[in-house]
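Asks: Could you look at this predicted model? Sequence included:
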Amino acid sequence: MDIIILKDSEQVAITGSRHIQNLLGTKPDAVLGLATGRTPLALYKKLVSACEKKMVSFRDATTFNLDEYIGVRPEDMQSYRSYMRRELFENIDIRPNNTFLPECVDGESPFDVGPRYEERIRAAGGIDLQVLGIGQNGHIGFNEPTSSLRSRTRIKTLTRETVANNRQYFDDPDSQPQLAITMGIATIMDAREILLLATGDEKAEAVQQSIEGPLSSLWPASILQMHERVTVLLDESAASSLERRDYYRWVQDQKQLLLVQKGDT
Ligand code: PGA
């Protein structure tokens, strides 16, 4: 894992945006896996701004989001489809037909969404870069603790703490969904590259457990230790419980030195 500790959440957003811009620069038709929640909001703002300045284009890109609620219609304000439209899709040059979420369409059974989504990802050639946030309980997507580490896109029941964390987005608590369809852990692990973003103290334990703890379905993000190409972007607060913080900083310093020697900076 490439663990990069940055000054603050602004730097996390800037670094994440550059990463995605670089990918689209070399592969304009890249397939991106995207996340919702608070964490990627600043990243999406940077991408919108880069797109406005013609520093990046999404014209040939395809996107697959990690998850969507069950029982929320795509046009509802609280759907992740609406979030993505509002925060990113409407403000960049992506083709709406190239944006996918694991959502029930035309009264489709939620049980049929997972296999269809997996097939669609395969047909698109697989995900080049998957953007991830991390839950306070270590979830990635809505793969809550004890999710099978080999799971595929499917229905998942949210934990009470996840429901509580997301309550603020629902005016009427009774309308808040308890179920979602999420990419599975194996689906996420199939991505050729992963970019995990975490900011704030409340993520410090999940970050520490997932990076330095044992591989365990109790901290689903710990599976990322098994992926070949993961970049973790952390602000100081999210990195604050890492026992080997100094080592990760040292590794980044050494990398910089190597790049300078190579003439890449
Ligand atoms: P957050 O959610 O960015 O809103 O903290 C992250 C997640 O649950 O994956």
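Replies: Done, it's in.

Asks: Am I right that Met189 is in contact with Arg229?
Replies: No - look at Met189 against Arg229 with CB atoms under 8 Å: they stay out of range, at 11.0 Å. From N, CA and C alone the C-beta is placed, and that goes for glycine too.

Asks: of the two, who's got more company?
Replies: Met189 (20 against 12; other CB atoms under 10 Å).

Asks: With adjacent residues omitted, what lies nearest to the more buried one?
Replies: Spatial nearest neighbour of Met189, chain neighbours left out: His227 (5.9 Å); criterion: CB to CB, 6 or more residues apart in numbering.

Asks: can you check Lys46 too?
Replies: Here the residue nearest Lys46, using CB to CB, 6+ apart, is Ser17, at 3.5 Å.

Asks: show me what contacts the residue sitting nearest the centre point of the chain?
Replies: The centroid of the chain falls nearest to Leu132 when counting by CA atoms, centre = their mean (2.0 Å). By CB atoms under 8 Å, 6 or more residues apart in numbering, the residues touching Leu132 are Gly33, Ala35, Leu66, Ile140, Gly141, Ile188, Ile194, Leu195, Leu196, Leu197, Ala221.

Asks: try 6 Å this time
Replies: For Leu132, the contacting residues are Ala35, Ile140, Leu196, by CB atoms under 6 Å, 6 or more residues apart in numbering.

Asks: circling back to that earlier point, how near is the residue nearest to Met189 to Ala221?
Replies: As judged by CB to CB, to the nearest Å, His227 and Ala221 stand 11 Å apart.

Asks: Asp67 too?
Replies: Using CB to CB, one gets 15 Å for the distance from Asp67 to Ala221.

Asks: So between the two, which is more surrounded?
Replies: Ala221 (28 against 23).

Asks: What is the neighbour count of the nearest residue to that one once chain neighbours are set aside?
Replies: Excluding its sequence neighbours, the residue lying closest to Ala221 (CB to CB, 6+ apart) is Ser210, at 3.7 Å. Neighbour count of Ser210, defined by other CB under 10 Å: 25.

Asks: This structure against the ligand: which residues are in contact?
Replies: Gly37, Arg38, Thr39, Gly133, Ile134, Gly135, His139 (CB under 6 Å from any ligand atom).

Asks: got the CA coordinates for stretch 101-118 in CSV?
Replies: Listed next in CSV are the C-alpha coordinates belonging to stretch 101-118 (Å, rounded to 0.1, in the frame of the first residue of the first chain):
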residue,chain,number,x,y,z
LEU,A,101,-25.1,2.8,-10.3
PRO,A,102,-26.4,-0.5,-8.9
GLU,A,103,-30.0,0.8,-8.9
CYS,A,104,-33.3,-0.9,-9.5
VAL,A,105,-34.7,0.2,-12.9
ASP,A,106,-38.3,-0.1,-14.0
GLY,A,107,-39.5,-2.0,-11.0
GLU,A,108,-36.7,-4.5,-11.3
SER,A,109,-36.2,-6.9,-8.4
PRO,A,110,-33.2,-5.8,-6.3
PHE,A,111,-32.1,-9.4,-6.4
ASP,A,112,-31.5,-9.1,-10.1
VAL,A,113,-29.4,-5.9,-9.9
GLY,A,114,-26.2,-7.5,-8.6
PRO,A,115,-25.6,-10.0,-11.4
ARG,A,116,-26.6,-7.4,-14.0
TYR,A,117,-24.2,-4.9,-12.5
GLU,A,118,-21.3,-7.4,-12.4
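
Asks: just how off-centre is it within its chain?
Replies: 20 Å (CA atoms, centre = their mean, to the nearest Å).

Asks: And the helices in the stretch 51-200 of the chain, which stretches?
Replies: 80-87, 110-123, 160-165, 185-189 (DSSP state H, counting those that start in this stretch).
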